[in-house]
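J.: Kindly generate the corresponding structure for this input.
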Amino acid sequence: MMTVAVGIDVGLLDGKGLDLVALDGSRQIRHAVPHLRDLNELIRIVETLAPEVVCIDSPSQWAEPGTRRPAELDLARRGINLYATPSADRARPFHRWMHDGFSVYAALAHMYPRYTGGDVRGKAAEYFPHASVVALNGRIGEFAEKSPIRRQLLAEQGVDERALTGADQVDAALGALTGLIALVGRHSWVGEGTDAMLLPVPELSAQYLRAPAAPAARSVGGAARPPFPADEKRAPCLCGCGGTPAGRQSRFMRGHDHRVKPRDGPKMERIAVTPDNLCKAACLMQTR
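T.: Next comes the predicted model:
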């Protein structure tokens with residue numbers, strides 16, 4: 001029987017839907033479906049493909065109240081940032097896609113129980129495309145180059161990325177690739193129990209640095225500006241996520257200032273955010 005792994009990129013079921021990509025053991029694309037909105041149809045496709053593992057780009061549950069998921073904290077401390085999963089009472093309309101992700105796990109649970117670490121065979125495993133790419137490349141690429149970096153990685157790994165239409169199919173293919181690598185035992189995970197998240201490398205680095213694949217000078221007032229050195233030490237984002245702002249003078253990663261001073265939602269205690277009170281700021285922030 002041919003080895004098959006499936007990756008699923010999760011979008012709103014009443015919006016763009018799910019993207020599914022199946023890769024076989026030779027990393028050929030066996031099946032690709034965009035904009036899937038019917039969970040019964042998803043079940044039928046997965047039953048037909050009978051993959052050894054299903055990798056889903058979504059958390060499987062809300063965080064515990066007053067905490068952040070250990071898997072997400074582990075990645076953030078290594079420089080890999082992702083949307084924080086809130087507790088159910090702090091979920092906002094933005095997080096509806098996560099709720100739909102929970103529905104995907106539930107729909108497949110009778111065939112693929114939740115991955116909890118160790119062997120992935122026969123499991124539904126959470127993966128994060130950005131984390132998979134960073135782990136395999138060994139560095140964090142420039143955000144503006146996200147799509148070409150992901151396609152280049154797939155090509156280097158033997159996947160014909162030219163057959164993939166759109167970024168969501170690329171991300172689904174990264175899930176299938178993560179699953180294939182895990183099936184031969186070259187994987188690791190962060191988090192334990194149902195918090196576990198799958199990574200396509202045997203061991204993660206302690207810290208990942210931002211190092212563009214193809215550094216290019218940036219023009220500032222007509223003068224060429226060199227890119228940041230890969231080993232340049234810069235202050236972490238003041239929202240407490242553990243990431244590093246892109247600009248030398250920036251205090252927050254893009255959009256993260258609203259975690260401390262949200263544009264809307266419940267009023268929060270006003271505090272002066274300094275490196276000495278990051279914990280307090282993080283506790284008060286609105287999860288996004």
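
J.: Residue 182 touches residue 202, doesn't it?
T.: No. The pair residue 182 / residue 202 is not scored as a contact, 10.2 Å apart, by CB atoms under 8 Å. Quick note: C-beta positions are derived from backbone N, CA and C, even for glycine.

J.: Neighbour count: these two, which is higher?
T.: residue 182 (27 against 11; other CB atoms under 10 Å).

J.: That one is in what secondary structure piece?
T.: helix 167-183 (DSSP states H and E).

J.: quick one: average confidence on the next helix-or-strand element following that helix?
T.: Going down the chain from helix 167-183, the next helix or strand is strand 188-190, by DSSP H and E. In this model, strand 188-190 has a mean pLDDT of 98.

J.: My guess is residue 124 contacts residue 110. True?
T.: No. The criterion here is CB under 8 Å, and residue 124 misses it with residue 110 at 10.7 Å.

J.: the more surrounded of these two?
T.: Using other CB under 10 Å as the criterion, residue 124 and residue 110 rank with residue 124 on top: 24 against 8.

J.: In a strand, the more buried one, correct?
T.: Yes. Assessed by DSSP: H, G, I helix; E, B strand; the rest coil, residue 124 belongs to a strand.

J.: Could you find the closest non-adjacent residue to it?
T.: residue 112 (3.9 Å; CB to CB, 6 or more residues apart in numbering).

J.: Over to residue 62?
T.: Closest to residue 62 by CB to CB, 6+ apart is residue 88, at 4.4 Å.

J.: what's the answer for residue 28, then?
T.: That would be residue 160: by CB to CB, 6+ apart, it lies 7.4 Å from residue 28.

J.: Where does pLDDT dip in this structure?
T.: Residues of the chain meeting the criterion pLDDT under 70: 212-288.

J.: which residues in it form helices?
T.: Ranges of helices in the chain, per DSSP state H, are 39-49, 70-77, 96-108, 129-137, 146-156, 167-183, 257-260, 278-284.

J.: which of the ones you listed is buried the deepest?
T.: helix 167-183 (a mean of 26; mean count of other CB atoms under 10 Å).

J.: isn't residue 13 right up against residue 35?
T.: No. The pair residue 13 / residue 35 is not scored as a contact, 10.3 Å apart, by CB under 8 Å.

J.: Between the two, tell me which one has more neighbours.
T.: Comparing residue 13 with residue 35 by other CB under 10 Å, the one with more neighbours is residue 13, at 20 against 12.

J.: Leaving out sequence neighbours, find the closest residue to that one.
T.: residue 100 (4.8 Å).

J.: Ok, residue 138 next?
T.: Using CB to CB, 6+ apart, the closest residue to residue 138 is residue 205 (6.9 Å).
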